[in-house]
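S.K.: Starting from these lines, generate the structure:
(3 chains)
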Amino acid sequence: MNEIAAKLLAWWDADHADLPWRRTRDPYAIWVAEVMLQQTQISTVIPYFERWMARFPTVEALAGASLSEVLKMWEGLGYYSRARHLHAAAQQVVAERNGRLPTTVSELMQLKGIGRYTAGAIASIAFDQPAPVLDGNVIRVLTRLYDIDADITRSAIRRQLWQLAESLVPAHRPGAYNQALMELGQVLCQPARPLCALCPLAELCQARQAGTQLERPVRPPRRRTPHYDVVAGIIWQNGRPAADAPFLITQRPLDALLGGLWEFPGGKQEPGENLPDALKREIQEELGITIKIGRFLTSIKHAYTHFRITLHAFHATHIAGQPQHIGVADHAWVTLNDLHQYPFAITDRKIIAALNQELT
DNA sequence: AAGGCGGGGGG
DNA sequence: CCCCCAGCCTT
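M.R.: Numbers count the residues shown, from 1 in each chain, chains lettered A, B, ... in the order given. As a prediction, this is how the structure comes out:
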């Protein structure tokens, strides 16, 4: 075994975090955890993982659930295509493979939502295969260990990093090794505060020798994100806001941002347009109905990865027309008490909170 | 090869 | 305010 792997495994064996998905060898549980962990921090994932495994303890249970139930369990975790893909892949595994996950990287990658990272993680952790993983943590550790000064967003560099990762995976205990490598990146080889004094690989680390730890990995500079004003309506069927009165919610198209989630209908304000006019226009365009704008409820600021929004919510009254599914996947007339069964994005959950406060 | 896709945590 | 994160899919 190479020196890096040996030192990492010794470090891992001395102590490592006790996480829910490390207490099992169930491939399904490891699959769920790895998908949740895509672009998402461990502390965020833990409560979602616990709730998910209680509600969908087996791949059959997941396959048998509705998409709405699945999205509801994912509500607030972000990147909702992960939930849609996991659901579809579970149905495929049950229908075509008798509920058993494939064990090789190439077969795992055939499933929706499983790319090279997740396939490597499942294959090594659940099935003891010597497959590499390369995530943000591993990239940081490797670029520091070898003091790599090339732009890690370039595909040629990515290929080299995968090759490097592959060359280091030991045949014995590859799953423990991969988890150790990622945990080292998380707890010691941190982006802005590497704890080299505690690192078992410090003597082997070329960046540490050169003093370039904080300059690794190298990425291109980011661009500023645009800001949009967005408007949403609580459209009351009878015009009278009340805790037991019906209002309209709509479901976003499955292929859109926040696909499949429910929301208060509305949309982006156009240049030169005031907020009430923007709301009337969006509702007419998406649903084919006419509304009258009522009083302002609340404004919510939210930052997505590539843009920021301020969401302005208004009360409104349904005037004419039956909702048509032009720019929406579905619609429903509901009361406040019905909302718990529908998955909403974080911004609309804040509108719901304001609504609850105002009406109850 | 590039862009889209959430949300939370930390400095 | 900024940055970062256990990536994947589509085009």
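S.K.: and for stretch A:46-66, what are the contacting residues?
M.R.: Outside of stretch A:46-66, the residues within contact range by C-beta atoms under 8 Å, 6 or more residues apart in numbering are A:19-21, A:28-29, A:32-33, A:36, A:69-70, A:73-74, A:76-77, A:86-87, A:90-91, A:93-95, A:99, A:101. C-beta coordinates here come from the backbone N, C-alpha and C atoms, glycine included.
S.K.: among the residues you listed, which are in strands?
M.R.: Among the contacts of stretch A:46-66, DSSP state E puts none in strands.
S.K.: if I pick whichever residue of the stretch 151-300 of chain A sits closest to DNA strand B, what's in contact with it?
M.R.: Using C-beta to the nearest atom of the strand, A:Ser155 is the residue of the stretch 151-300 of chain A that sits closest to DNA strand B, at 2.7 Å. Applying C-beta under 8 Å, 6+ apart to A:Ser155 gives no contacts.
S.K.: Distance check, it against A:Leu145.
M.R.: To A:Leu145, A:Ser155 is 21 Å away according to C-beta to C-beta, to the nearest Å.
S.K.: Counting by contacts, list what the helix or strand A:Met182 falls within packs against.
M.R.: For A:Met182, the host element (DSSP states H and E) is helix A:174-187. Packing partners of helix A:174-187 (3 or more C-beta pairs under 8 Å, 6 or more residues apart in numbering; DSSP states H and E): helix A:3-14, helix A:116-127, helix A:136-145.
S.K.: right, and A:His227 touches A:Thr310 too?
M.R.: Yes. Counting by C-beta atoms under 8 Å, A:His227 touches A:Thr310, with 7.3 Å between them.
S.K.: re the thing from before, check which helices and strands the very next helix or strand once past the helix holding A:Met182 sits against.
M.R.: The first helix or strand that comes after helix A:174-187 along the chain, using DSSP H and E, is helix A:206-210. Contact here means 3+ C-beta pairs under 8 Å, 6+ apart; on that basis helix A:206-210 packs against helix A:136-145.
S.K.: at 7 Å instead, please
M.R.: The criterion is 3 or more C-beta pairs under 7 Å, 6 or more residues apart in numbering; DSSP states H and E, and there are no helices or strands that helix A:206-210 contacts.
S.K.: Can you give the contact residues for that helix?
M.R.: With contact meaning C-beta atoms under 7 Å, 6 or more residues apart in numbering, helix A:206-210 is reached by A:Arg144, A:Leu145, A:Tyr146, A:Asp147, A:Cys196, A:Ala202, A:Gln213, A:Arg216.
S.K.: Which other helices and strands does the helix or strand following it contact?
M.R.: Downstream of helix A:206-210, the next assigned helix or strand under DSSP H and E is strand A:227-236. Here strand A:227-236 touches strand A:247-251, strand A:266-268, helix A:275-287, strand A:290-303, strand A:308-320, going by 3+ C-beta pairs under 7 Å, 6+ apart.
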